[in-house]
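1. Show me how the following folds:
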Amino acid sequence: MARKVYILGGCQTDFARNWKKEDKHMSEVFKEVINGVIQETQLEPSDIEVAHVGNFAAELYCMQGQLGAFFLEADPAFYGLPTSRHEAACASGSIAALAATAEIEAGRYQVACVVGVEQMKTVSPKVGGDYLGTAAWYEQEAKDIELPFPKLFGRLGDVYDERYGLKYEHLAAISKINYDNAKRNPLAQTRAWYAEKELNVLENPENPTIGGKIRLSDCSQITDGAVAVLLASEEFATNYANRRNLALADIPYIKGWGHHTAPFRFDDKLEESKGQRYVFPHVRATITDAFKRAGIADVSELDGIETHDCFTTSEYMAIDHFGITEPGESWKAIEEGVIEIGGKTPINPSGGLIGAGHPVGATGVRQLLDAQRQVARTAEGYQVEGVNNFATLNIGGSGTTSVSFIVSRD
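-> Next comes the predicted model:
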């Protein structure tokens, strides 16, 4: 039986910030979130034995690699700390967390710090879109294509339309829910933005179509952001709880996980899924693997989900892939209010990538932190009632890498 890995706490930057305008170097933001998580958990830097960084493309956006060394800039006590950096496009943060959990489960270390980070506002949207194209097969799917990823995920909507039928009004409803949820989240990028369903439904100069059924309001944000979480073994978490007069049962832990990789090209994914129930069978397998490892029968045992809504079509896919509805019937959960805060299975109470923001390498860590906060019942402003089991789904590329965690409390 796998050892439990506990989430002691975390720290997130305000996703509405623009580090370039603040004249902030990435190293300063590292220091901010690392010191923030240490302060929140009341640990010492010396308690951290290993560190993992999730990041997609700092070499492109910031001309900077070797990101683990920034831990030493945060505090001299980290001198000699073993660090590593992980990349899997938009799933980079989750892969960093998986690596950290594996080391704790193996008994190598007792406490790991995971940082997810991305600075994206250093270039124009056009250049940034080209950089993001490297998360696809660049030469075959992105080169010389303006904003390739909205077009790829627009095709996901086309596939749903061809196989099952898809009305744009349901994608617009997903967008509105995420923007509305973000208004509750004090760290969400769009919390002060104004969005109405009517704007999302109507195509106009302020909300142009970008690819397939994807309009501007269906897209996640360009975001600067960093998130840090501290993961710990059961032994350390037990001592930690005792020292602070806490109940170990109240500290969230990772109960299950899933991780799959699919073919790079979107066309190959579609070929693989022909004749199958799910459009992305590998994503469905990631979710069911997490269920199995957590000892959860199905989605009915979840109290909420943070999913990867890089576009509204990816959340539409997640709804049926989690089993909330039968394949192709995600629209039913939208119309019945199932995915809203207060619904049977709330999705993205944080606002998700559309509302909260999407600093690519940080998103998986942010989802894990939000799951921890939901389970600990400390999600200020956007808390779902009675949470015991909360899931994440983080996707890299056009569904190429998928990672799911289930965070629980005893």
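2. from here on, contacts and neighbour counts on C-alpha atoms
-> Fine.
3. what residue ranges in the stretch 51-200 of the chain are flagged as low confidence?
-> Residues of the stretch 51-200 of the chain meeting the criterion pLDDT under 70: 194-200.
4. and residue 398, what does it touch?
-> Residue 398 makes contact with 135-136, 149, 152-153, 264-266, according to C-alpha atoms under 8 Å, 6 or more residues apart in numbering.
5. actually residue 270, not the one I typed
-> Residue 270 neighbours (C-alpha under 8 Å, 6+ apart): 279-280.
6. Would you verify that it is located in a strand?
-> No. Going by DSSP: H, G, I helix; E, B strand; the rest coil, the assignment for residue 270 is helix, not a strand.
7. what's the spacing between it and residue 399?
-> 11 Å (C-alpha to C-alpha, to the nearest Å).
8. Show me the shaky parts of the stretch 201-350 of the chain.
-> Checking the stretch 201-350 of the chain against pLDDT under 70 turns up 201-203.
9. how about a cut-off of 90?
-> Low-confidence segments of the stretch 201-350 of the chain (pLDDT under 90): 201-213.
10. ok, the contacts of residue 398 vs residue 289, which is closest?
-> Of all the contacts of residue 398, the one sitting nearest residue 289 is residue 264; the distance, using C-alpha to C-alpha, is 21.2 Å.
11. Quick check: which helices or strands does the helix or strand where residue 8 lies pack against?
-> Here residue 8 is covered by strand 5-12, with elements defined by DSSP states H and E. Judged by 3 or more C-alpha pairs under 8 Å, 6 or more residues apart in numbering; DSSP states H and E, strand 5-12 is in contact with helix 26-41, helix 92-105, strand 225-233, helix 234-243, strand 253-261, helix 363-376.
12. one step back: between residue 270 and residue 399, which contacts overlap?
-> With C-alpha under 8 Å, 6+ apart, residue 270 and residue 399 have common neighbours residue 280.
13. in the sheet, who's paired with the closest residue to residue 69 other than its chain neighbours?
-> Of all residues not flanking residue 69 in the chain, residue 83 sits nearest, at 7.4 Å (C-alpha to C-alpha, 6 or more residues apart in numbering). Beta-bridge partners for residue 83, by DSSP bridges, are residue 51.
14. ok, residue 83 to residue 100 distance?
-> 10 Å.
15. Which of the two has more residues huddled nearby?
-> residue 100 (26 against 20; other C-alpha atoms under 10 Å).
16. how about the helices in the stretch 51-200 of the chain?
-> Ranges of helices within the stretch 51-200 of the chain are 58-61, 70-74, 92-105, 125-132, 148-163, 168-182, 197-201, based on DSSP state H, counting those that start in this stretch.
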